[in-house]
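*Asks:* Test case, fold it:
(chains A, B, C and D)
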2 protein chains.
Amino acid sequence: MNEAWQRQILAESGNGRISDQQIVDKIRRAVLTQRLPPNTRLPEGALGDIFGVSRSVVRKALTRLDAEHVVSLAPNQVARVRAPNIDETRDTFVARRLVEGEVVALLAGKLTAAQLADLEKMVAGEADAYRRGDEGARIEQSLRIHHLLAELSPNRVLGSILTDLILRTSIVIALYRRDGLASCYLEGDHPRLLAHLRAGEAEAARGAIVDHLNALERLMDLGSRDASIDLMEILGGRRVG
Amino acid sequence: MNEAWQRQILAESGNGRISDQQIVDKIRRAVLTQRLPPNTRLPEGALGDIFGVSRSVVRKALTRLDAEHVVSLAPNQVARVRAPNIDETRDTFVARRLVEGEVVALLAGKLTAAQLADLEKMVAGEADAYRRGDEGARIEQSLRIHHLLAELSPNRVLGSILTDLILRTSIVIALYRRDGLASCYLEGDHPRLLAHLRAGEAEAARGAIVDHLNALERLMDLGSRDASIDLMEILGGRRVG
DNA sequence: TGCAAAAAAAGTGTATACACTTTCTGTCGA
DNA sequence: TCGACAGAAAGTGTATACACTTTTTTTGCA
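*Replies:* Numbers count the residues shown, from 1 in each chain, chains lettered A, B, ... in the order given. Next up, the predicted model:
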């Protein structure tokens, strides 16, 4: 189909031999930024050519990406960029609220001054990007904040589960984002969270992150397209709204 | 080292060609039952010979097992059965209490009669194995109950996270189990949980599973060996107790 | 004897070849 | 015109070869 690919999209570094982990990173990032949209075919041979490695290396990278839920792999089928449906999206948000809520509750009052300063800086950077109107930078900065929280989690198991859930929600946000409301910035959410973390108010911190994630979820278009509508399209029906 | 391996341990089926997923299952099960103890070396060539496949297939299986936290893979090093330390064990239990608690809360009052009957049968089987004194069968049955709960989770994302956490806690239980108390059966825990699920008492169900997991964790030997003791051994110190 | 360097062995990393499967494409008949 | 079928093309599955790295063993010297 669209084999008018991607030398650009997966911009090759040109220099020394690339590792499978670097391939994982590049594909993950391309999916996250929607330069590789859902269902895009990812044939091993083509990827190998692009990155200048053989299929062995590509296969390892794809197996990893499958485990991270970024691509889907089925026997004898070409790998594809994963396309989570609405139900899975909702489930992912539920899971993330549970886990991220617990992580920030554990974190409340336990952060060092340096760690708080790092977070502070990122929150400021996010607000700044918003004021500049640089939506891309704002999203990037916001993601970094959440990833840092996951990394700081005193419970490493919950931390790595959270890292995975942040990635998965980010992918579906990019996918289901209401176009008009793309830049609706949830002002004040992150500063509020930070204040509770600093004050050691565990339950308030949990509440803040849960509210934030609820608001994020509401920015998406989850109500209007559901399974029945897909079915209508397949059967040649007409969309109502 | 111990290359007096395993044709027995990973009992080959003998018949038709084996798939990488089957290899994953066999190794996982061998780890779970401690026929492959922590840190056991798993060279690709040896595994390939045992299963009658080439290293390509084995590599894929090992990559998957790495993602499931069953083995650990490092560049240019032989794969090894993973050996979680005490801190990770504690963290895994915390995570599992959080996730399994939420899953059973979601499940309360939502199970069909058939699903409840299935659970009932397993709980009865567990009690029966206990009465017979068949510890292996009892553990097997108990594991099955928890895996079924994960599978029934209405939230599939939480369900698959739970599946992973059940596996990880099972491995560490096998690893850190106090030898004398191995067969201390937590009588009544599962029937109690089931009653709450049937009655639709979400918070009581959550409480029951959390209590159950706390009791499970207490069966282990987590206090007595910690990092400092390992260090002492390395430095030639003498154990205190 | 002890220990360090060299050699051998064991093992992983990766490219490649070929068998097999799936998907696409174009042709022929109703 | 349309569907079914054959053949070609695209793609995955797996074994194998060889380069490179790590670990173990041996050797030789103080």
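*Asks:* now the spatially closest residue to A:A95 that is not a sequence neighbour, what's its secondary structure?
*Replies:* In space, and not counting its chain neighbours, A:A95 is closest to B:V157: 4.5 Å by Cβ to Cβ, 6 or more residues apart in numbering or on different chains. Yep, even glycine has a C-beta here, placed from its N, CA and C like the rest. Secondary structure, DSSP: H, G, I helix; E, B strand; the rest coil: B:V157 is helix.
*Asks:* where's B:V157 relative to DNA strand C, distance?
*Replies:* For B:V157, the distance to DNA strand C equals 27 Å [Cβ to the nearest atom of the strand, to the nearest Å].
*Asks:* try A:I171
*Replies:* Taking Cβ to the nearest atom of the strand, one finds A:I171 at 23 Å from DNA strand C.
*Asks:* and the angle for the helix or strand encompassing that residue with helix B:156-176?
*Replies:* Using DSSP states H and E, the element containing A:I171 is helix A:156-176. Angle of helix A:156-176 versus helix B:156-176, following axes from the mean of the first three to the mean of the last three Cα atoms, to 10 degrees, is 160 degrees.
*Asks:* For the following helix or strand past helix A:156-176, give the mean pLDDT please.
*Replies:* Next along the chain after helix A:156-176, taking DSSP H and E as the criterion, comes helix A:189-199. Confidence for helix A:189-199, expressed as mean pLDDT, is 95.
*Asks:* what's helix A:189-199 packed up against?
*Replies:* Contacts defined by 3 or more Cβ pairs under 8 Å, 6 or more residues apart in numbering or on different chains; DSSP states H and E place helix A:189-199 against helix A:86-107, helix A:113-132, helix A:202-218.
*Asks:* Recalculate using a threshold of 10 Å.
*Replies:* Other helices and strands packing on helix A:189-199, by 3 or more Cβ pairs under 10 Å, 6 or more residues apart in numbering or on different chains; DSSP states H and E, are helix A:86-107, helix A:113-132, helix A:135-152, helix A:202-218.
*Asks:* any idea how far A:G109 is from A:G200?
*Replies:* A:G109 sits 3 Å away from A:G200, going by Cβ to Cβ, to the nearest Å.
*Asks:* on that earlier part again, burial-wise, tell me which of the helices and strands packed on helix A:189-199 comes out on top.
*Replies:* When you average the neighbours per residue for each of those (mean count of other Cβ atoms under 10 Å in any protein chain shown), helix A:86-107 leads with a mean of 22.
*Asks:* from the chain's centre, how far out does that one sit?
*Replies:* Centroid separation for helix A:86-107 versus its chain: 13 Å, with Cα atoms, centre = their mean, to the nearest Å.
*Asks:* same check, this time on stretch A:39-50
*Replies:* 22 Å.
*Asks:* Stretch A:17-25 now?
*Replies:* Worked out by Cα atoms, centre = their mean, stretch A:17-25 lies 19 Å from the chain centre.
*Asks:* What residues of that stretch count as buried?
*Replies:* A:18, A:20, A:23-24 (16 or more other Cβ atoms under 10 Å in any protein chain shown).
*Asks:* Could you check it against DNA strand D for contacts?
*Replies:* No: Stretch A:17-25 stays clear of DNA strand D (Cβ under 7 Å from any atom of the strand), getting no nearer than 10.7 Å.
*Asks:* From B:V70, how far off is the one residue in chain A that gets nearest to chain B?
*Replies:* Chain A approaches chain B most closely through A:A67 (3.6 Å), counting by Cβ to the nearest Cβ. According to Cβ to Cβ, A:A67 stands 12 Å off from B:V70.
*Asks:* shared neighbours of those two, which are they?
*Replies:* Residues touching both A:A67 and B:V70 comprise B:R64, with contact defined as Cβ atoms under 10 Å, 6 or more residues apart in numbering or on different chains.
*Asks:* I'd assumed B:K60 was in contact with the residue of chain A closest to chain B.
*Replies:* No: the pair A:A67 / B:K60 is not scored as a contact, 11.4 Å apart, by Cβ atoms under 10 Å.
*Asks:* how about the residues of chain A near DNA strand D?
*Replies:* So far as Cβ under 7 Å from any atom of the strand goes, chain A lies against DNA strand D at A:3, A:41-46, A:55-56, A:59, A:75-79.
*Asks:* now, which of the buried residues of stretch A:17-25 sits nearest A:S142?
*Replies:* A:V24 (22.6 Å; Cβ to Cβ).
*Asks:* which stretch of helix or strand covers that closest one?
*Replies:* Per DSSP H and E: helix A:20-32 holds A:V24.
*Asks:* Mind giving me the packing neighbours of that helix?
*Replies:* helix A:44-51, helix A:55-67, strand A:71-72, strand A:79-81, helix A:135-152, helix A:156-176.
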